[in-house]
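> got a sequence here, can you build the structure:
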Amino acid sequence: MLLNFLFPSSLFFTATSLLTLASAATGGLAEARGKHVQYSKFFGVGSQAVSASTIALSSRAAMVILYSPAFLVGLTSFVLFPDEGFRSLLLKSVISTHLGKRIFEVFCKII
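Model prediction:
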């Protein structure tokens, strides 16, 4: 019972898990070799050269723009798929709570 909960028997989930494992292993090896991922939450904050084609958004505005639709889809999933079992309820709850918390954090810092 617990193994079926943790590892559902589906070709799609198995393939997705293997791709995720391969991606994580590749990223980990690249980091160990010194090829670091060039990511920054505040990318380009200190740079003076901003081209005319670049749209500059604050991180808070970008968070609201990106997280709001996902949060609404999470809430809608409760209505569209009401009785899908405990696993589905847990997933919908965690995703909706996480995205709602992130949006709430943005609005709390604005006030």
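> where does the prediction get shaky in this structure?
Along the chain, segments meeting pLDDT under 70 span 1-8, 37-55, 110-111.
> longest helix of it?
Using DSSP state H, we find that the single longest helix of the chain is helix 86-110.
> which residues touch stretch 92-107?
By Cβ atoms under 8 Å, 6 or more residues apart in numbering, the residues outside stretch 92-107 that reach it are 60, 63-64, 67-68, 70-71, 74-75, 77-78, 81. C-beta: built from backbone N, CA, C; applies to glycine.
> now do the buried residues in that stretch.
Residues 92, 95-96, 99, 102-103, 106 are the ones in stretch 92-107 that count as buried (16 or more other Cβ atoms under 10 Å).
> which pair in these spans the largest distance?
92 and 106 (21.8 Å; Cβ to Cβ).
> before we move on, the earlier item: show me which of the contacts of stretch 92-107 are buried.
Buried residues within those, counting neighbours by 16+ other Cβ under 10 Å: 63-64, 67, 71, 74, 77.
> mind listing the helices for the protein?
Under DSSP H, the chain gives helices at 2-6, 11-32, 59-80, 86-110.
> let me know the closest of the contacts of stretch 92-107 to residue 20.
Of all the contacts of stretch 92-107, residue 20 sits closest to residue 70, with 19.3 Å by Cβ to Cβ.
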